[in-house]
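> Need the 3D shape of this:
(one chain, ligands or ions: 1)
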Amino acid sequence: MTDTTNDAAKAEFLAQLKAFEGQEIDAQVAPDPVNQAMIRHWVEAMGDRNPVYTDPEAAAASAHGEIIAPAVMLQAWPMQGLHGNKREAGDTNPQTQLLNLLETEGFVGVVATNSEQEYLRMLHLGDRITTRSVIHEVSDEKRTGLGIGHFVTTRIDYLTTDGELVGQQLWRLLKFRPGTGKGAAAAPPAAEAPAPKPPRPRPGTTHDNLFFFEGAQEHRLLIQRCTACGALRHPPQPRCDKCGSYDWDTIEASGRGVVYSFVVNHYPQVPAFDYPLPIGLIELEEGTRLVAQIVDCPIESIAVGMPVEVTWLDDDPDQILPAFRPAGSGGGA
Ligand code: ZN
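Numbering: from 1, shown residues only. Sure, this is the predicted structure:
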């Protein structure tokens, strides 16, 4: 099984990665000094009402004697934004070269795994922050839940432009090959049985809508009816919006209707379902509408106005649900 050519190539690649250890990354100079506007946006977003960040009088009376920036904003000050982070061809920054090298070998996925910050002093309005960063370590190839990859650890010093060290950070990311993680490892052998599909998420039931799901367990499609004025309504609700009555019972629908509208869901994918997943807004001949899966119909044949009939998704005995198929496609069943 040992492929010496492959092993040699891997060793060569790892040596190239390790050569980046100890290299200094280009400094990032904060585009703006520490300022009240950015602090205000930050604390608004975080919901932090401490007046030491925004109220000059309260800040003056505090132990700090003046407005301070939240310590955890440290990384935000020199952040370069989307365009600043764009890697251009010919970029000589070692970090860019390292990430490009990893990507040429297929390690295109990225996730930040660790961030440890140390604050040496609070920052004040007018401080201008710059960084001094070193690629600390590039790991051997690791197998992780996300995929096979390399951890890249960077040590960052935060300094004022006068050279005063105000904070430090250890920052680790994982560059990985997408599709080589936990789920993927089990998938390729065709002979293996697929993992059992998890059940569909359960609906939230209340005493207003429980009848609908209990009816479905018996293959009965029920519609709520106001016993005062006779109006039908769906989704279920406690009170009639025609006459205001709280009294209701149910009728059993014929199960016939038309596709009033539909969508075909591709993403996001939930393991309990098959995709693409066509979902219809079905108008029943009784007049109410409900949302349900469309089955037994090629997606390209689904059309607004298409006559449909109810059928039952009963693979999961604990949760039987109505679905709709083209009218007459059930073979008289
Ligand atoms: Zn009514």
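> Please pull up the helix or strand immediately following the helix or strand bottoming out on mean pLDDT in the chain.
Ranked by mean pLDDT, DSSP states H and E, the helix or strand of the chain with the weakest confidence is helix 182-186, at a mean of 59. Using DSSP states H and E, the next helix or strand after helix 182-186 towards the C-terminus is helix 210-217.
> gap between the two ends of stretch 135-147?
Its start and end residues considered, stretch 135-147 measures 22 Å (CA to CA, to the nearest Å).
> how far is that stretch from where the chain is centred?
In terms of CA atoms, centre = their mean, to the nearest Å, the centre of stretch 135-147 is set 23 Å apart from its chain centre.
> Any stretches of the stretch 201-333 of the chain with poor pLDDT?
For the stretch 201-333 of the chain, the stretches with pLDDT under 70 are 331-333.
> near the ion, which residues of it?
Taking CB under 5 Å from the ion as the test, the list of the stretch 201-333 of the chain residues beside the ion reads 226, 228-229, 231, 240, 242-243, 245. Every residue, glycine included, has its C-beta placed from N, CA and C.
> Between the residues you listed, which sits nearest residue 170?
Residue 170 has its nearest neighbour among those in residue 240, at 62.5 Å by CB to CB.
> Helices along the protein, start to end?
Listed in chain order, the helices of the chain (DSSP state H) span 4-18, 36-46, 56-61, 81-84, 94-104, 182-186, 210-217.
> Give me the contacts around the last one.
Okay, so that is helix 210-217. Contact with helix 210-217 is made by 203, 205, 221-222, 224, 236, 250, 252, 312, 319-322, as judged by CB atoms under 8 Å, 6 or more residues apart in numbering.
> Which ones among those residues lie within strands?
Of the contacts of helix 210-217, the ones assigned to strands by DSSP state E are 222, 224, 250, 252, 312, 321-322.
> so can I have a markdown table of those showing neighbour count?
Shown next, in a markdown table, are the ones in strands among the contacts of helix 210-217 (neighbours: other CB atoms under 10 Å):
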| residue | neighbour count |
| --- | --- |
| 222 | 20 |
| 224 | 22 |
| 250 | 16 |
| 252 | 12 |
| 312 | 17 |
| 321 | 17 |
| 322 | 21 |
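> For residue 176, list each beta-bridge partner.
Applying DSSP bridges to residue 176 gives these bridge partners: residue 109, residue 149.
> Below-threshold pLDDT in the stretch 1-150 of the chain: ranges please.
Residue ranges of the stretch 1-150 of the chain with pLDDT under 70: 1-5, 82-89.
> Just the closest of the ones in strands among the contacts of helix 210-217 to residue 126, please.
Looking across those and measuring by CB to CB, the closest to residue 126 is residue 321, at 62.1 Å.
> ok, the residue nearest to the closest one when sequence neighbours are not counted - contacts?
Closest residue to residue 321 apart from its sequence neighbours, by CB to CB, 6 or more residues apart in numbering: residue 313 at 4.7 Å. Residues counted as contacts of residue 313 (CB under 8 Å, 6+ apart) are 293, 295, 320-323.
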